[in-house]
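# here is the input, now give the coordinates:
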Amino acid sequence: MPRAPPAEGVTTVIDETTVRTAPRSGSDFARLSKKIADSGLMNRRPGYYTVRLTAVATLYAGAWTAFVLVGASWWTLAVAAVLAVSFGQVALVAHDIAHRQVFRLRRASETSGRIAGNAGIGMGFGWWQDKHTRHHANPNHEELDPDIVPDIVVWTRDQADVARGLPRLIGRSQAYLFFPLLTLEGFNLHVASVRSLANHALKHRTTEGALLFGHFAVYLTALFLVLPPGMAFAFVAVHQGLFGVYLGSIFAPNHKGMPVLKGKDRPDFLRRQVLTSRDVRGGWFTDIVLGSLNYQIEHHLFPSMPSPNLRRAQVLVRRYCQELDVAYLETSLAASYGQTLRSLHRAGAPLRRAATAG
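Purely as a prediction, here's the structure:
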């Protein structure tokens, strides 16, 4: 049965992680929001996004140009690695577009999002946007966050207790298999995007489908025109595999290994976002590689804040959380992966015990 929400000002244990729940006040986020707005951090950054979109488009076009110039040579696998990075950067741009960081108007955001997502990298923009919106509303909530559905791995011991099929088999060793499994994430993204077209609630299904299948047609035609079959299949494996690893490496540090909510565990908005997210330390290179999602706490509190402003917002948010005595976690990238893997190992414990007992 779902647990009752924790009483105000008490300590609760959520998925083996102790979270101190301060007295709740609907005005906590409002006060922080005013500080952020007064600092001008919600203001749009058209110059920044003009440069970023141009740079990403240049990388994308340059990778495909290199693919044609290199031609039927095994050096094309190096091009596949570069193209994986460019696909990841396009995905990050589509992410910012979906959050209205780039364009103010909905129509411009949706059109450019479909061009970047569906046509650019074979990702259904409408499907992903719906899924990502639900994640933002309830991050790391076992029943409400689609990002922790146990489709292949289990994220909590409760999920392990009822796991069947593939999650039950993989869950025993999932911490060791996590990064190898990420090589399939690119393929999974494409499959999920195609499957979403069967959902009649998806808006603009015809447009989404035409752009999606147009991407696949052009992609495969280019590969098999330029490369012999064996080399083309190797290119797909390297490109899509590294694309999946890159995507997973971007998103895994954000919430995995952080407290998991369940049932009626629903702190107020500020605590719900801060306690389930972590920031990752780093300089400008980390910001570029992770698309500034290393400031995950700030991004979850202010999803429409332009990504270059998140670094400055971090100073205000961290100080405010200290004033409220709300736990704020910032760690290194390597440490975040370590926390993720340890959490996966703990979640799979019931499956290992069951296998030993059996």
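# and the host helix or strand of residue 247, what does it pack against?
Counting by DSSP states H and E, the element that carries residue 247 is helix 229-255. With contacts defined as 3 or more CB pairs under 8 Å, 6 or more residues apart in numbering; DSSP states H and E, the packing partners of helix 229-255 are helix 76-98, helix 174-182, helix 185-195, helix 205-226, helix 296-301, helix 333-347. C-beta: built from backbone N, CA, C; applies to glycine.
# dump the C-alpha coordinates for the fourth one into PDB.
Once side chains and other backbone atoms are set aside, the C-alpha atoms of helix 205-226 remain, and they are given as PDB (Å, rounded to 0.1, in the frame of the first residue of the first chain):
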ATOM      1  CA  ARG A 205       1.200  12.000 -36.300                       C
ATOM      2  CA  THR A 206       1.400  12.300 -40.100                       C
ATOM      3  CA  THR A 207       4.100  15.000 -40.000                       C
ATOM      4  CA  GLU A 208       6.000  13.200 -37.200                       C
ATOM      5  CA  GLY A 209       5.800   9.900 -39.100                       C
ATOM      6  CA  ALA A 210       6.800  11.400 -42.500                       C
ATOM      7  CA  LEU A 211       9.900  13.100 -41.000                       C
ATOM      8  CA  LEU A 212      10.800  10.100 -38.900                       C
ATOM      9  CA  PHE A 213      10.700   7.600 -41.800                       C
ATOM     10  CA  GLY A 214      12.300  10.200 -44.100                       C
ATOM     11  CA  HIS A 215      15.200  10.200 -41.700                       C
ATOM     12  CA  PHE A 216      15.600   6.500 -41.700                       C
ATOM     13  CA  ALA A 217      15.300   6.300 -45.500                       C
ATOM     14  CA  VAL A 218      17.900   8.900 -46.200                       C
ATOM     15  CA  TYR A 219      20.200   7.500 -43.500                       C
ATOM     16  CA  LEU A 220      20.200   4.000 -44.800                       C
ATOM     17  CA  THR A 221      20.300   5.000 -48.400                       C
ATOM     18  CA  ALA A 222      23.400   7.100 -47.800                       C
ATOM     19  CA  LEU A 223      25.100   4.300 -46.000                       C
ATOM     20  CA  PHE A 224      24.500   1.600 -48.500                       C
ATOM     21  CA  LEU A 225      25.200   3.900 -51.500                       C
ATOM     22  CA  VAL A 226      28.600   4.900 -50.100                       C
END
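# quick check: mean pLDDT of the helix holding residue 247?
Helix 229-255 shows a mean pLDDT of 97.
# in it, which residues are buried?
Within helix 229-255, the residues that count as buried by 16 or more other CB atoms under 10 Å are 231-232, 234-236, 238-255.
# then stretch 342-358?
If you call a residue buried by 16+ other CB under 10 Å, then stretch 342-358 has these buried ones: 343, 344, 345, 346, 347, 348, 350, 351.
# next one: stretch 165-180
Within stretch 165-180, the residues that count as buried by 16+ other CB under 10 Å are 167, 168, 170, 171, 172, 174, 175, 177, 178.
# and the second one, what does it touch?
Put plainly, it is residue 168. By CB atoms under 8 Å, 6 or more residues apart in numbering, residue 168 lies in contact with 160, 351.
# which of the buried residues of stretch 165-180 sit farthest apart?
168 and 178 (16.2 Å; CB to CB).
# the bottom helix or strand of the chain by mean pLDDT?
Within the chain, confidence by mean pLDDT, DSSP states H and E is lowest for strand 11-14 among all helices and strands, at a mean of 30.
# got the phi and psi for residue 199?
phi -80, psi 110 (degrees, to the nearest 10).
# so who does it touch?
Residue 199 is in contact with 127, 205, counting by CB under 8 Å, 6+ apart.
# so who does residue 261 touch?
Counting by CB under 8 Å, 6+ apart, residue 261 makes contact with 14, 138, 140, 141, 142, 267, 272, 276.
# and which of these is nearest residue 210?
Of all the contacts of residue 261, residue 210 sits closest to residue 138, with 32.4 Å by CB to CB.
# name the element the residue nearest to the closest one when sequence neighbours are not counted belongs to?
Nearest residue to residue 138 in three dimensions, chain neighbours excluded: residue 144, at 3.7 Å (CB to CB, 6 or more residues apart in numbering). Per DSSP H and E: residue 144 is located in neither a helix nor a strand.
# these two touch, right, residue 144 and residue 136?
No. Here residue 144 lies out of contact with residue 136, judged by CB atoms under 8 Å, at a distance of 10.9 Å.
# any idea how far residue 115 is from residue 209?
Residue 115 sits 15 Å away from residue 209, going by CB to CB, to the nearest Å.
# try residue 222
From residue 222 to residue 209 the distance is 20 Å (CB to CB).
# just checking, next helix/strand downstream of the helix or strand harbouring residue 317?
According to DSSP H and E, residue 317 maps onto helix 310-324. Later in the chain than helix 310-324, the nearest helix or strand by DSSP H and E is strand 330-331.
# for that following strand, packing partners?
Applying 3+ CB pairs under 8 Å, 6+ apart, one finds that strand 330-331 contacts strand 279-280.
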